[in-house]
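Undergrad: the sequence isn't on hand, but the structure is:
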Ligand code: GFB
């Protein structure tokens, strides 16, 4: 696996974090700041609309960032993906096409593209290795998002082949952590469970409802670990093959709900709402490629849920919910 010299990335490098207000982008920003990077560029959505090609080109022409971390995306949980297929495929295709192309045109040295574990076929052998990409049909609830992300991977690979543009693609598993979205219609399962347990505890409700059968299995990576992995790979990885970023362990949704209930201190029951979809039966990443490069996740699920619950409690007034 080709490696680059980690020393190449100096603390004075000009780095653009696209999507710095989101779950992933804000964790990457925290990590860059903690590591002492001095020239980090960000733009709020109202300053720069990444779906608008002309604006993106103008921004890159003016700023000419040396490194780009593309963490801007339209994301959401199973219901949001299923309800807004057009928004998910359009916004993600536009954002990533505009940013990858402008980065190439205006001389960016390296771009890190972030995909998702849902790019793999619904019934991939588990754990899912990188070479299961495009080997079978996708999960219908999120195929629109997945197709956009697959196009992003292919665009990075094509620009590397044709233009020698140094773009790498990382595939994170399901992420959670500080800065997450706690809106019950749009969020992913983990923040939804934190909010449901907290609200039920506060109101004295007898139970919470969780969607589906509780049987699907998911892997959860704390977002600060993802940020650590993204910078590690930005420093140390330089090839067209995608790299999974995960912990290599999964839990059932019911087990997760029980863990969240315990951490939040809710004493009531967990009731299944079987009218809601389960989605993919299992999504567990094979992380041998990443481990072989020298990186492993540090935060346990229990530590991460506890930290996320504390963040939720401390940020009640500004939460997305
Ligand atoms: O996290 P989640 O929305 O996304 O749902 P996916 C995971 C599982 O948790 C599903 C169940 O089986 C849900 O039915 N679940 C139980 C709940 N209770 C809840 C709840 O209150 N809220 C939510 N949201 N789920 C997403 C994709 O799939 O994964 C995205 O839609 C993306 O495209 C992301 O890839 C990582 O894991 O099913």
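TA: Arrived safely, thanks for sending. Because the structure is a prediction, the values reported are computed rather than measured.
Undergrad: switch to C-alpha atoms for all contacts and neighbour counts from now on
TA: Noted.
Undergrad: wait, residue 240 sits on residue 160?
TA: Yes: the criterion here is CA atoms under 8 Å, and residue 240 meets it with residue 160 at 7.1 Å.
Undergrad: hmm, who's touching stretch 65-72?
TA: For stretch 65-72, contacts defined as CA atoms under 8 Å, 6 or more residues apart in numbering pick out 13-20, 22, 24-25, 41, 95-96, 99, 103, 107-114.
Undergrad: and with 6 Å instead?
TA: With contacts defined as CA atoms under 6 Å, 6 or more residues apart in numbering, stretch 65-72 is touched by 14-19, 25, 108-113.
Undergrad: ditto for stretch 306-319
TA: Contacts for stretch 306-319 (CA under 6 Å, 6+ apart): 177-178.
Undergrad: if you set the cut-off to 8 Å instead, what comes out?
TA: Contacts for stretch 306-319 (CA under 8 Å, 6+ apart): 176-179, 181-182, 194, 263-264.
Undergrad: please identify the buried residues of that stretch?
TA: 306, 308-309, 311-312 (16 or more other CA atoms under 10 Å).
Undergrad: how far does it sit from the chain's center?
TA: Taking CA atoms, centre = their mean, to the nearest Å, one finds stretch 306-319 lying 19 Å from the centre of the chain it belongs to.
Undergrad: now stretch 166-180
TA: The chain centre lies 3 Å from the centre of stretch 166-180; the measure is CA atoms, centre = their mean.
Undergrad: and the end-to-end length of it?
TA: Taking CA to CA, to the nearest Å, stretch 166-180 runs 30 Å from one end to the other.
Undergrad: so, in contact with the ligand or not, that stretch?
TA: Yes: interface with the ligand: stretch 166-180 contributes residue 174 (CA under 6 Å from any ligand atom).
Undergrad: quick one: average pLDDT of that stretch?
TA: Averaged across stretch 166-180, the pLDDT comes to 98.
Undergrad: let me know the helix or strand that residue 79 is in.
TA: helix 78-83 (DSSP states H and E).
Undergrad: next SSE downstream of that helix?
TA: Assignment by DSSP H and E places the next element after helix 78-83 at helix 85-105.
Undergrad: residues in contact with that following helix?
TA: With CA under 8 Å, 6+ apart, helix 85-105 has contacts from 50-53, 56-57, 60, 64-65, 68, 70, 72-75, 81, 111, 142, 144-145, 147-149, 151-152, 155-156, 159, 165.
Undergrad: now residue 162: how far from residue 81?
TA: 33 Å.
Undergrad: which of those two has more residues huddled nearby?
TA: residue 81 (23 against 8; other CA atoms under 10 Å).
Undergrad: so the more buried one versus residue 49, what's the distance?
TA: With CA to CA as the criterion, residue 81 and residue 49 are 21 Å apart.
Undergrad: so what sits against both of residue 240 and residue 160?
TA: Common neighbours of residue 240 and residue 160 (CA under 8 Å, 6+ apart) are residue 167.
Undergrad: the more surrounded of those two?
TA: Neighbours were counted for residue 240 and for residue 160 using other CA under 10 Å; residue 240 has more, 20 against 17.
Undergrad: kindly check the end-to-end length of stretch 157-171 for me.
TA: OK, stretch 157-171 end separation, CA to CA: 14 Å.
Undergrad: kindly apply the preceding question to stretch 208-224 instead.
TA: Stretch 208-224: ends 28 Å apart by CA to CA.
Undergrad: give me the number of residues near residue 56?
TA: Counted with other CA under 10 Å, residue 56 comes out at 20.
Undergrad: hmm, residue 228 is touching residue 30, no?
TA: No: when contacts are counted by CA under 8 Å, residue 228 is not listed as touching residue 30 (10.0 Å).
Undergrad: hang on, the earlier thing: filter the contacts of stretch 306-319 down to the ones in strands?
TA: residue 176 (DSSP state E).
Undergrad: the contacts of stretch 306-319 into CSV, with extra columns for neighbour count?
TA: Putting the contacts of stretch 306-319 into CSV (neighbours: other CA atoms under 10 Å) gives the following:
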residue, neighbour count
176, 24
177, 25
178, 23
179, 22
181, 24
182, 21
194, 23
263, 17
264, 21
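Undergrad: restrict the buried residues of stretch 306-319 to contacts with the ligand.
TA: Of those, not one also sits near the ligand (CA under 6 Å from any ligand atom).
Undergrad: from those residues, pick the one nearest residue 280.
TA: Residue 280 has its nearest neighbour among those in residue 308, at 24.7 Å by CA to CA.
Undergrad: is stretch 284-291 positioned near the ligand?
TA: No: Stretch 284-291 lies apart from the ligand when judged by CA under 6 Å from any ligand atom; the minimum separation is 10.4 Å.
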